[in-house]
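Visitor: Got a sequence here, can you build the structure:
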Amino acid sequence: MAIRQMLRRSLSGERRSISSVNEVPKGHLAVYVGDSEKKRFVIPVSCLNSPLFQELLSMAEEEFGFQHPMGGLTIPCNEDFFLDVVSRLM
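Guide: Presented below is the predicted three-dimensional model:
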C-alpha cells in the first residue's frame, strides 16, 4: 500500500497547519476522488500525459464540465480504481 501512503500525504496533516495541508508541491496536482465521500490526493503532473489518466480526465469533463463540486479537479470514480490507475503510472 505504499502508493496509497504517498498519495495521501495531503490527508495526514493532523499536526500540520491548515495552510500547509492545502499546499501542493511544485510539479504536483491536487485531485478529489470518490463516489460519495471525496478524498483529496496529490499526484505528479507527469500523470497528465498518460492516455490512461487522460481517460479519467475525459470522464471528469463529461460528468462535471468546468464546474467541479469540490472547487478543484474531481475525478468521478471510486478510490480503489483511481489508486490502481495511478500506481500503474508511477
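Visitor: which residues touch the longest helix belonging to the chain?
Guide: Counting residues, the longest helix found in the chain (DSSP state H) is helix 51-64. Helix 51-64 is touched from outside by 47-48, 68, 73-77, 82, 85-86, 88-89, with contacts defined as CB atoms under 8 Å, 6 or more residues apart in numbering. Every C-beta, even on glycine, is put in place using the N, C-alpha and C of the backbone.
Visitor: neighbours around Ile75, how many?
Guide: Using other CB atoms under 10 Å, Ile75 is surrounded by 24 other residues.
Visitor: my guess is it contacts Val33, does it?
Guide: Yes. Counting by CB atoms under 8 Å, Val33 is a contact partner of Ile75 at 4.8 Å.
Visitor: okay, and the common contacts of the two?
Guide: Contacts common to Ile75 and Val33, judged by CB under 8 Å, 6+ apart, are Phe82.
Visitor: Output the below-cut-off pLDDT ranges for the protein.
Guide: For the chain, the stretches flagged by pLDDT under 70 are 1-21, 68-71.
Visitor: Quickly check the contacts of helix 51-64 for the two that are furthest apart.
Guide: Greatest spacing in the contacts of helix 51-64, by CB to CB: His68 and Arg88 (24.0 Å).
Visitor: Can you say which of the contacts of helix 51-64 are buried?
Guide: Cys47, His68, Leu73, Thr74, Ile75, Pro76, Cys77, Phe82, Val85, Val86 (16 or more other CB atoms under 10 Å).
Visitor: Dump those residues into CSV; add secondary structure as well.
Guide: Formatted as CSV, these follow (DSSP: H, G, I helix; E, B strand; the rest coil):
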residue, secondary structure
Cys47, helix
His68, coil
Leu73, strand
Thr74, strand
Ile75, strand
Pro76, coil
Cys77, coil
Phe82, helix
Val85, helix
Val86, helix
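Visitor: would a markdown table of these with distance to Arg40 be doable?
Guide: Below are these laid out as a markdown table (distance: CB to CB, whole Å):
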| residue | distance to Arg40 |
| --- | --- |
| Cys47 | 15 |
| His68 | 12 |
| Leu73 | 10 |
| Thr74 | 10 |
| Ile75 | 11 |
| Pro76 | 15 |
| Cys77 | 15 |
| Phe82 | 12 |
| Val85 | 16 |
| Val86 | 13 |
